[in-house]
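Trainee: Let me see the structure of the following:
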Amino acid sequence: MSSGITFEEALELTRLQGRDEILQLLDRANEARKQHRGNSVDLCSIVNAKSGRCEEDCVYCAQSAHHGAHVDVYGMKSPDDIIAHAKAAEEAGAHHFCIVTKGRSLPPADFEIALRATERIAAETSLKRCASMGLLDDERARALKEAGLCRYNHNLETARSYFPSVCTTHTHEDRVATVKALKRAGIETCVGGILNMGESERQRIELAFEIKEIEPDSVPMNFLNPRPGTPLAGRSLFEPLEAAKYVAIYRLVMPKPIIRIAGGRRENFNGLYALAVKGGADGLLIGNYLTTIGLAPSRDLAMLREAGLDISRG
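Mentor: Numbering: from 1, shown residues only. Model (predicted):
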């Protein structure tokens with residue numbers, strides 16, 4: 001397990017409130033990023049390849065059939081459509097491209113489409129191949145590895161102690177089991193969560209250490225963007241410095257993996273996106289998200305260059 005600050009040290013840092021104190025914390029985390037990660041940044045783009053009417057009841061998700069949110073509903077995109085999105089992401093400067101689908105797991109026919117699309121992305125682009133398609137067993141993980149998948153995103157979402165308040169149709173243990181299957185198959189893991197769903201400060205730190213125990217390659221940090229029609233609609237956003245504080249804490253807890261800023265960045269950072277980078281992040285989800293619009297990739301690339309980070313593909 002990688003080095004980093006202790007649980008109690010991390011919990012103490014959550015109590016920082018003053019602007020100067022938080023900015024000093026960001027500087028400390030940025031030095032840890034430079035020491036352990038260097039100066040490169042990892043850029044990922046996604047396609048929402050299957051959308052809406054999800055059978056799971058995750059309280060944050062507009063795609064859940066259990067809620068009244070309005071989202072586009074469509075079946076699995078074709079390999080040609082997925083490849084078109086991948087090539088656009090490559091043109092925009094992405095390093096990784098992630099096929100994302102709704103639901104507990106894909107039906108066999110849709111899973112075959114994902115396999116074929118992954119093979120074509122490997123053959124037709126320079127992108128590293130990623131996916132996020134729900135729960136997996138060993139057989140499916142091996143099939144994805146054979147198709148050329150590099151990395152799989154499967155977030156814990158929240159601390160084990162808070163998980164029943166977020167989802168009741170599957171368990172925290174189900175998610176951990178999928179991550180273990182990926183590791184057995186030799187696929188890199190991308191494991192993070194969502195902050196500000198009603199969990200306590202202590203539970204945010206519990207999540208950080210539960211992620212750390214899994215030893216993922218990438219840690220996507222999402223900040224709640226409350227969607228109309230979901231149980232969390234109307235919940236207040238983080239202030240930019242509060243969001244950046246948690247980026248810094250997660251970096252200090254986990255010095256070695258990629259810390260990636262993902263969902264809710266536009267809403268919670270309110271234009272102050274460089275705070276996340278200053279707080280030690282070295283990964284970014286660029287372009288649009290699953291059900292919301294992101295920033296123009298050119299703006300993100302300009303911000304990263306200004307921060308002195310290397311955006312070239314590795």
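Trainee: what's Ser45 sitting at in phi/psi?
Mentor: Main-chain torsions, Ser45, degrees, to the nearest 10: phi -130, psi 150.
Trainee: Run through the bridge partners of it.
Mentor: On the basis of DSSP bridges, Ser45 is bridged to Phe97.
Trainee: Check the spacing between it and Glu206 real quick.
Mentor: As judged by C-beta to C-beta, to the nearest Å, Ser45 and Glu206 stand 30 Å apart. For glycine as for every other residue, the C-beta is placed from the backbone atoms N, C-alpha and C.
Trainee: Looking at these two, which is more packed in?
Mentor: Per other C-beta atoms under 10 Å, whichever of Ser45 and Glu206 has more neighbours is Ser45, with 25 against 20.
Trainee: so how far is stretch 6-23 from its chain's centroid?
Mentor: The chain centre lies 23 Å from the centre of stretch 6-23; the measure is C-alpha atoms, centre = their mean, to the nearest Å.
Trainee: Could you pull up the mean pLDDT of it?
Mentor: Stretch 6-23 carries an average pLDDT of 97.
Trainee: what does stretch 26-37 give?
Mentor: Per-residue scores along stretch 26-37 average to 95.
Trainee: quick one: buried residues of the helix or strand harbouring Ser165?
Mentor: Assigned by DSSP states H and E, Ser165 belongs to helix 163-166. For helix 163-166, burial by neighbour count (16 or more other C-beta atoms under 10 Å) applies to Phe163, Val166.
Trainee: Quick check on the closest residue to Ala65 other than its chain neighbours: phi, psi?
Mentor: Residue nearest to Ala65 in three dimensions, not counting chain neighbours: Arg53, with 4.6 Å by C-beta to C-beta, 6 or more residues apart in numbering. Backbone torsions for Arg53, taken as degrees, to the nearest 10, come to phi 60, psi 40.
Trainee: And Arg53, how far from His70?
Mentor: With distances taken as C-beta to C-beta, Arg53 is found 12 Å from His70.
Trainee: One more: Arg305?
Mentor: For Arg305 relative to His70 (C-beta to C-beta), the value is 37 Å.
Trainee: quick revisit: what's in contact with the helix holding Ser165?
Mentor: Cys58, Val59, Tyr60, Leu156, Glu157, Thr158, Thr171, His172, Met197, Gly198, Glu199 (C-beta atoms under 8 Å, 6 or more residues apart in numbering).
Trainee: Kindly reformat these as CSV and extend each row with distance to Pro255, secondary structure and neighbour count.
Mentor: Formatted as CSV, the contacts of helix 163-166 follow (distance: C-beta to C-beta, whole Å; DSSP: H, G, I helix; E, B strand; the rest coil; neighbours: other C-beta atoms under 10 Å):
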residue, distance to Pro255, secondary structure, neighbour count
Cys58, 30, coil, 23
Val59, 31, coil, 20
Tyr60, 28, coil, 26
Leu156, 19, coil, 20
Glu157, 23, strand, 22
Thr158, 23, coil, 27
Thr171, 30, coil, 13
His172, 25, helix, 19
Met197, 26, coil, 23
Gly198, 29, coil, 15
Glu199, 23, coil, 21
